[in-house]
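Engineer: Predicted model follows, preceded by the sequence.
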Amino acid sequence: MVDVTPADAVPPAEVGEVELYHPHSWWTKYVFSQDAKVIAIQYSATATSIGLVALVLSWLMRLQLGFPGTFDFITPEAYYQFITVHGMIMVIYLLTALFLGGFGNYLIPLMVGARDMVFPYVNMLSYWIYLLAVLVLVSSFFAPGGPTGAGWTLYPPQAIMSGTPGGQDWGIILMLSSLILFIIGFTMGGLNYVVTVLQGRTRGMTLMRLPLTVWGIFTATVMALLAFPALFVACVMMLLDRMLGTSFFMPAIVEMGEQLQHNGGSPILFQHLFWFFGHPEVYIVALPAFGIVSDLISTHARKNIFGYRMMVWAIIAIGALSFVVWAHHMYVSGMNPYFGFFFATTTLIIAVPTAIKVYNWVLTLWRGDIHLTIPMLFALAFIVTFVNGGLTGLFLGNVVVDVPLSDTMFVVAHFHMVMGVAPILVIFGAIYHWYPKVTGRLLDETLGRFHFWVTFVGAYLIFFPMHYLGLMGVPRRYAELTDMTIMTESAHHLNSFISIMAFIVGFAQMVFLFNLIWSIRHGREAGGNPWRATTLEWQTPQTPPAHGNFGKELPIVYRWAYDYSVPGAKEDFIPQNVPGAFAPSREPA
Amino acid sequence: MTETTLTHTGQLDRPKGWRGITADWSSDQRAFKNVSWGKAMMWIFLLSDTFIFGCFLLSYMTARMSTRVPWPNPSEVFALRIGGSEIPLILIAIMTFVLISSSGTMAMAVNFGYRRDRRKTAILMLLTAALGATFVGMQAFEWTKLITEGVRPWGNPWGAAQFGSCFFMITGFHGTHVTIGVIFLIIVARKVWRGDFDIGRPGFFTSRRGRYENVEIMGLYWHFVDLVWVFIFAFFYLW
């Protein structure tokens, strides 16, 4: 990691310049744009908009759980629809799309020193198909019967039966179609991200000089390209079950005293396919967050990331391992006990590379020059939250402990901490960090700190009590808990408390949105490199970067991305494109 | 797709074997030194598509192995009555032969493409497309025959309902791949015929200049579709 290369060691360019499509009208510049930066903003705006729908749905759920019986319009059917669409939007249409489509599109070409993605036209199609997928999902709210209420895992047989909202109406059909569209659109974008990282880097940018952000997004994209096929197949097969009456997932079943025509299918097969996608999906969301948070910590602690090489290998190891743990979501589904043993073991092994990453983040902070900027606050909050969520994962990864905790609020608390709150904290941190590059202005500091503290503390006040509820045995996905004996008076109070906190945290997000819009015109001027960061996106001639990113000449990379506080250097950071022999930037002994 | 000019690759002196692979991966600019963007993208797409077909076939095997009712015998179901005797799997044999042959004509088209032989390249690509279309046509015939015999996605006269479901789904998905391939073969053949790759005419949608390598990338897809058929043939018809 001592990469300080003399200028003549950089090999000559093997890659010719890309012929970029030059827009010549307002439409091709801002709407049907082939510029990855515009596509990134389109992706982010769409994901945020649909994310707001998910936020409102979570409010509606909390209204029902916190104050049962008060709101007549929240029927049990509506509650299930809220749960399903909230989960689906958050996991796929918000987190996946924002990390890979949003941050991936904006940061990959800039960080690897490319003019654009390798195939901008395909990249543009990717966004428009994603938008179509979102619109199909939204349309299910207006379809007869409303959206599907099958739960975000869409388990058959109930997902396509008449007892489930949307099961025999349009809901499930639109949901599955939307997912299929999303996967097609994502594949177009994902191929671009992977090929750009592998084959489109600038001179001197070796794989081991890539910022960890790019490593995280790259690995997550590769995983998505291999995991989404399973979901695609599951969606196609369930669509056939629902529309043509096949029996891939449907066993012989009696509904309302009537024998359905299905026969001989396997609901467990769906679970295997779904979780072969579903578990990697957790890391598809987490790995970009890991990468981004590494860069935030290093930049705002003015110190090189500790153990860069191990960080890269940990990302790759997590990515690989996440493909062999899926059945830990199925301990109560009825599997051979030896399977449970195998999957519990692999699940716990993932803790090793993950722990390496956490230790390295902490060791990067150790004796660093920590600037408590808003991105740094969010990064620190992420580490704490991720560790907390990860620790409850140890409970749920063990078969014997998981069985009693399965389908309780404990599980809800666990996955919200580890793959809900934690990645979203990183998204916020990343937006505060890169907003100046996108707009040229900083987000408002006071509003930002308000947003951070309410979100961080509020998220804990929401999800920590849920662990307790879960240990008491309060089940998840129940629309109405009032008559259950386990629901003591105090548990009801706790539920109301969680709900009030959820409204407050939701309100803080409105403040954040206001900040996003207000600061475009009124934020403080940021200049080209407000955080004094080393990576290439901060070294562009214009801010925001113009079409083609780097002006006439592509930058040449001479060093890794983490030359902060190098002894003997004039400044406390040396950008990646600065040549010259400085004292090697060793990790402190 | 003229994003690459591999001017220096011939002169770059890289170690052979594993050390060469390590050297390439730890170098700058590109991990695969002789691979253009388009070709890399096609390979990675095919890897992803492999997972799709893999999931389809695994689901089919799960259904077939876990069913408690008998699975229809493929040699009887897919037999044709020719000249008074039932010949098992004859249509599938011909279909497989046609598709594998089309891989041969495709490989020749790639060869002539790199020799800048516009005429032969275009003719061979169109021949490949014709063989592909023949395959899809015979598949349509096979579907029609089975449907008239009472095979439906939700059931059939001989046994497990999943037989029809898997058959129509998997061959349908593969047939869609072949059909898309035929369409793109015709598009690329037209470009070759018109000389687009000789004069570097920008693509209508992408505004990128095409090269004769596009013929090879098209070929990668086509060979993949053929290879997948071999697996479908083995696992569905011969099992």
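Structural biologist: In hand now; what should we look at? Numbers count the residues shown, from 1 in each chain, chains lettered A, B, ... in the order given.
Engineer: mind checking how far A:Ile217 is from chain B?
Structural biologist: Distance from A:Ile217 to chain B, counting by C-beta to the nearest C-beta, to the nearest Å: 15 Å. Glycine gets a C-beta too; all of them are placed from N, C-alpha and C.
Engineer: Pretty sure that residue sits in a helix.
Structural biologist: Yes - assessed by DSSP: H, G, I helix; E, B strand; the rest coil, A:Ile217 belongs to a helix.
Engineer: Counting neighbours, what do you get for it?
Structural biologist: Number of residues near A:Ile217 (other C-beta atoms under 10 Å in any protein chain shown) recorded here: 28.
Engineer: and what of A:Met409?
Structural biologist: 29.
Engineer: for the one 10 residues further on, same thing?
Structural biologist: When counting by other C-beta under 10 Å, one arrives at 23 neighbours for A:Met419.
Engineer: That one: what's it in contact with?
Structural biologist: A:Met419 makes contact with A:Val91, A:Leu95, A:Val282, A:Val285, A:Ala286, A:Gly389 under the criterion C-beta atoms under 8 Å, 6 or more residues apart in numbering or on different chains.
Engineer: Please apply the same query to A:Phe228.
Structural biologist: A:Ile183, A:Phe186, A:Thr187, A:Phe277, B:Ser48.
Engineer: want to try CSV for the contacts of A:Met419, with pLDDT, distance to chain B and secondary structure as columns?
Structural biologist: Converted to CSV, these look like this (pLDDT from 0 to 100; distance: C-beta to the nearest C-beta, whole Å; DSSP: H, G, I helix; E, B strand; the rest coil):
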residue, pLDDT, distance to chain B, secondary structure
A:Val91, 96, 20, helix
A:Leu95, 96, 20, helix
A:Val282, 94, 18, helix
A:Val285, 96, 19, helix
A:Ala286, 96, 21, helix
A:Gly389, 94, 29, helix
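Engineer: Just the buried ones from these?
Structural biologist: A:Val91, A:Leu95, A:Val282, A:Val285, A:Ala286, A:Gly389 (16 or more other C-beta atoms under 10 Å in any protein chain shown).
Engineer: what separates B:Ser66 from chain A, distance-wise?
Structural biologist: B:Ser66 is 6 Å from chain A, by C-beta to the nearest C-beta.
Engineer: Report pLDDT for that residue.
Structural biologist: B:Ser66 is assigned 89 on the pLDDT scale.
Engineer: Need the phi and psi values for it.
Structural biologist: phi -100, psi 0 (degrees, to the nearest 10).
Engineer: these two touch, right, it and A:Ser266?
Structural biologist: Yes - taking C-beta atoms under 8 Å as the definition, B:Ser66 is a contact partner of A:Ser266 at 5.9 Å.
Engineer: how does the chain divide up, domain by domain?
Structural biologist: Since no chain was named, I'll use chain A. Domain ranges of chain A: A:33-248, A:282-521, A:527-589, per automatic domain parsing.
Engineer: not quite, I wanted chain B
Structural biologist: Residue ranges for the domains of chain B, per automatic domain parsing: B:1-34, B:36-238.
Engineer: Point out the most buried one among the ones you listed.
Structural biologist: domain B:36-238 (a mean of 18; mean count of other C-beta atoms under 10 Å in any protein chain shown).
Engineer: Look up how far B:Phe78 lies from the closest residue in space to B:Thr96 that isn't next to it in sequence.
Structural biologist: Once flanking residues are discounted, B:Thr96 sits nearest to B:Phe233: 5.6 Å by C-beta to C-beta, 6 or more residues apart in numbering or on different chains. Distance of B:Phe233 to B:Phe78, given as C-beta to C-beta, to the nearest Å: 11 Å.
Engineer: what touches both of these two?
Structural biologist: Common neighbours of B:Phe233 and B:Phe78, counting by C-beta under 8 Å, 6+ apart, are B:Ile92.
Engineer: any idea which element A:Phe274 lies in?
Structural biologist: helix A:267-300 (DSSP states H and E).
Engineer: which parts of the helix or strand just after that helix are buried?
Structural biologist: Sequence order places helix A:308-321 as the next helix or strand after helix A:267-300, per DSSP H and E. Neighbour counts over helix A:308-321 (16+ other C-beta under 10 Å) mark A:Tyr308, A:Met310, A:Met311, A:Val312, A:Ala314, A:Ile315, A:Ala317, A:Ile318, A:Gly319, A:Leu321 as buried.
Engineer: just stretch A:367-379 next, same as before
Structural biologist: Buried residues in stretch A:367-379 (16+ other C-beta under 10 Å): A:Gly368, A:Ile370, A:Thr373, A:Ile374, A:Pro375, A:Met376, A:Leu377, A:Phe378, A:Ala379.
Engineer: Please look at B:Cys55 and A:Ala230 and confirm they touch.
Structural biologist: Yes - contact criterion C-beta under 8 Å: B:Cys55 and A:Ala230 qualify, at 5.1 Å.
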